[in-house]
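Student: Following is a predicted model, sequence given first.
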Amino acid sequence: MTTKKTAAEKTTAEKPAKKAATKKAAPAGKAAAEPATAEAAPARKTAAKKAAAKKTAPAKKAAPTKATPTKTSATKTSTATKTSAAKKTSAAKKTSAAKKANAAKRAPAKKAAAKKSPAPKPPGFAKRESRAAMVKRAHAINEVLAETYPYAHPELDFEDPFQLLVATVLSAQTTDLRVNQTTPALFAKYPTPEDMAAAVPEELEELIRPTGFFRAKARSLLGLSAALRDDFDGEVPATVDALVKLPGVGRKTAFVVLGNAFGVPGITVDTHFGRLARRWKWTTSEDPVKVESDVAAIFEPSEWTMLSHRVIFHGRRICHSRRPACGACPVAPLCPSYGEGETDPEKAKKLLKYEKGGMPGQRLKPPADFPGPPAPPLGG
């Protein structure tokens, strides 16, 4: 009885075990077909673990594979960002270097421009001045010129009104020096208007050839000599109206003769006078007649003749056309055009001409008070 109970008990005990094994093995598929024994349970568990491990293993292995592209992408992005930043930095450096190079190239140009640019105006000159201020400054300039050139004079050699008239006609488009070197032989052969009126044109032309434009000048001399002989009894008239009617005689020549041979006030507007009158803002006109009128309105007639000599002297010696010697100019503090020429004092001194530069003047027979040596004769 005991044995049978035991068997029944075993059978009863096995049934719940089989049910439990069946429940545990049901998810495993293949293991469910195997006998439900207590010994098979551990094997099923082991197989299930291995199967789970196999499924889990690819997942674990795949995880790094999936993560790898993410890291690679991030790496590429980082590299691209760095490359872009590097390019930008490089471009910025190149741009900066280019700017510096351009600045370096422009620097000499700016320095050169600074050297060429006019020097600042000297103190005491007003950029905008009234008519009264301009007139006052003009008179101050005349005073400075009078102190600088107390010996100012006509720079043509002459002994009478006829010689001065002829010399002035010859001075067109040449220097007074060349005229002075030419007239001694001319006046030796033709001392009077009558003598010159009777001259052979070819012989007269040859004598005045050194002054240039000798054919036209010869015609003028023959014409004015004949007019003096026929209309004025061989005498030079002392009025502007009469003088300008003579062949080759204009207002400039007329005022030279009137002011220096007859003591009649007049303003001589030659190229030097006109240039300086414009630089000093006495006038803005290029027309000699208008320049004469503008300047005559500033100064008294008693100053006209000597003012003309002083201005012309200054234009020939210091205030040159192309390169004025601003650094050696006594008028500089009063000049609105200061800086158009050389402002360095030492360099400016080298630009001075005639007696101001230690050289001879233009006259072979200068006045007694002339500070420079006389000019040499033709060929001397």
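Tutor: Yep, it's here.
Student: can you map out the strands along the stretch 201-350 of the chain?
Tutor: Shown for the stretch 201-350 of the chain, no strands are assigned by DSSP state E, counting those that start in this stretch.
Student: First residue to last residue on stretch 252-261, what's the distance there?
Tutor: 14 Å (CA to CA, to the nearest Å).
Student: let me fix that: stretch 296-305
Tutor: 11 Å.
Student: What of stretch 193-207?
Tutor: 16 Å.
Student: What residues of it count as buried?
Tutor: Counting neighbours by 16 or more other CB atoms under 10 Å, one finds that the buried residues in stretch 193-207 are Pro193, Met196, Ala197, Ala199, Leu204, Glu205, Leu207. Placement of C-beta: from N, CA and C, glycine included.
Student: same deal with stretch 173-184?
Tutor: Asp176, Leu177, Arg178, Val179, Asn180, Gln181, Thr182, Thr183.
Student: got those as TSV, with pLDDT, secondary structure and distance to Ala140 columns?
Tutor: Below are the buried residues of stretch 173-184 laid out as TSV (pLDDT from 0 to 100; DSSP: H, G, I helix; E, B strand; the rest coil; distance: CB to CB, whole Å):
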residue	pLDDT	secondary structure	distance to Ala140
Asp176	96	helix	28
Leu177	96	helix	31
Arg178	97	helix	35
Val179	98	helix	33
Asn180	98	helix	33
Gln181	97	helix	37
Thr182	97	helix	39
Thr183	98	helix	37
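Student: Val244: which of those is nearest?
Tutor: For the buried residues of stretch 173-184, the closest approach to Val244 (CB to CB) belongs to Val179, at 20.6 Å.
Student: Can you give the contact residues for the helix or strand containing Leu165?
Tutor: Per DSSP states H and E, Leu165 falls inside helix 161-170. The contact list for helix 161-170 (CB atoms under 8 Å, 6 or more residues apart in numbering) reads 154, 156-158, 179-180, 182-183, 186-187, 192-193, 196, 208, 211, 217, 220-221, 224, 228, 235-236, 246, 248-249, 253, 256-257, 260-262.
Student: Just those residues: which are in helices?
Tutor: Using DSSP state H, the members of the contacts of helix 161-170 that fall within helices are 179-180, 182-183, 186-187, 193, 196, 208, 217, 220-221, 224, 228, 253, 256-257.
Student: And Phe299, how far from Asn142?
Tutor: The spacing between Phe299 and Asn142, counted by CB to CB, to the nearest Å, is 7 Å.
Student: any residues in contact with both of those two?
Tutor: Shared contacts of Phe299 and Asn142 (CB under 8 Å, 6+ apart): Leu307.
Student: re earlier: farthest-separated two in the buried residues of stretch 193-207?
Tutor: Pro193 and Glu205 (18.1 Å).
Student: Flag the shaky bits of the stretch 51-200 of the chain, pLDDT-wise.
Tutor: 51-127 (pLDDT under 70).
Student: what's the burial count for the closest residue to Tyr149 other than its chain neighbours?
Tutor: For Tyr149, ignoring the flanking residues on the chain, the nearest one in space by CB to CB, 6 or more residues apart in numbering is Phe313 at 4.7 Å. The number of residues packed near Phe313 is 23, by other CB atoms under 10 Å.
Student: Quick one, grab the pLDDT at Phe313.
Tutor: Phe313 is assigned 98 on the pLDDT scale.
Student: Repeat that for the one 3 residues further on.
Tutor: Confidence per residue is given as pLDDT, and for Arg316 that number is 97.
Student: So it sits against His272, correct?
Tutor: Yes: counting by CB atoms under 8 Å, Arg316 touches His272, with 6.0 Å between them.
Student: filter the contacts of helix 161-170 to the buried ones?
Tutor: In the contacts of helix 161-170, the ones that pass as buried (16+ other CB under 10 Å) are 154, 156-158, 179-180, 182-183, 186-187, 193, 196, 208, 211, 217, 220-221, 224, 228, 236, 246, 248-249, 253, 256-257, 260-261.
Student: residues contacting Glu129?
Tutor: Arg137 are the contacts of Glu129 under CB under 8 Å, 6+ apart.
Student: Please report how far it lies from Pro161.
Tutor: 41 Å.
Student: Ok, Pro154 next?
Tutor: 12 Å.
Student: What of Pro193?
Tutor: Taking CB to CB, one finds Pro193 at 10 Å from Pro161.
Student: Likewise for Lys136?
Tutor: Taking CB to CB, one finds Lys136 at 37 Å from Pro161.
Student: the more surrounded of those two?
Tutor: Set Lys136 next to Pro161 and count neighbours by other CB under 10 Å: Pro161 wins out with 18 against 14.
Student: element containing His139, please.
Tutor: Applying DSSP H and E, one finds His139 within helix 131-148.
Student: Buried residues, that helix. List them.
Tutor: Quick answer for helix 131-148 (16+ other CB under 10 Å): Met134, Arg137, Ala138, Ile141, Asn142, Val144, Leu145, Thr148.
Student: For the first one, which non-adjacent residue is spatially closest?
Tutor: Looking back up the chat, that one is Met134. Lys281 (6.2 Å).
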